[in-house]
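Novice: no sequence on this one, just coordinates:
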């Protein structure tokens with residue numbers, strides 16, 4: 001039953017939390033309060049929230065298929081290493097830079113933001129759901145040995 005709950009709630013929640021973390025990492029360096037507008041201005045806050053949600057949705061839609069393949073592989077083979085998750089994040093960042101920009105790479109600050117977002121995505125996913133990847137298989141395949149009969153003599 002816990003395996004079903006893990007696949008229905010923990011893993012999707014980990015994905016959503018990772019998308020939001022990556023969106024925050026992407027937007028934070030480029031977020032500035034316009035001159036004459038306070039940080040508590042409702043219009044500024046509304047636009048910031050909309051930008052954050054749009055960036056989260058964009059990251060989620062771009063990374064959904066590769067993440068799903070990696071998640072299935074990590075769950076089936078019990079790959080819960082943080083180094084493996086961070087390496088997958090670096091590979092994903094490189095793949096995004098190559099496929100989205102090709103030979104015309106963006107400014108170094110954008111490249112850094114993409115790499116930091118990919119690493120924060122994988123780190124937050126690992127914290128929420130990746131640390132226990134594959135444990136459902138180990139716990140369900142574990143059998144308890146039968147008690148040996150005692151001989152009273």
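Specialist: Alright, I've got the coordinates. This is a predicted model, so every value here is computed, not measured. Numbers count the residues shown, from 1 in each chain.

Novice: may I ask which helix or strand of this protein has the lowest mean pLDDT?
Specialist: For the chain, scoring each helix and strand by mean pLDDT, DSSP states H and E identifies helix 135-141 as the least confident one, at a mean of 56.

Novice: what is the subsequent helix or strand relative to the helix or strand containing residue 75?
Specialist: Under the assignment given by DSSP states H and E, the secondary-structure element containing residue 75 is helix 42-77. Stepping forward along the backbone from helix 42-77, the first helix or strand reached (DSSP H and E) is helix 82-101.

Novice: what's that following helix in contact with?
Specialist: Applying C-beta atoms under 8 Å, 6 or more residues apart in numbering, the external contacts of helix 82-101 come out as 62-63, 66, 70, 74, 105, 111, 114-115, 117-119, 121-123, 125-126, 130-131. (Glycine included, C-beta is placed from N, CA and C.)

Novice: ok and the helix holding residue 75 relative to helix 82-101, angle-wise?
Specialist: With axes from the mean of the first three to the mean of the last three C-alpha atoms, to 10 degrees applied, the angle from helix 42-77 to helix 82-101 works out at 120 degrees.

Novice: quick one: buried residues of helix 42-77?
Specialist: 52, 55-56, 59-60, 62-63, 67, 70-71, 74-75 (16 or more other C-beta atoms under 10 Å).

Novice: minimum pLDDT in these, which residue is that?
Specialist: Lowest pLDDT among the buried residues of helix 42-77: residue 75, with 80.

Novice: how close does that one sit to residue 112?
Specialist: Taken as C-beta to C-beta, to the nearest Å, the spacing of residue 75 relative to residue 112 amounts to 31 Å.
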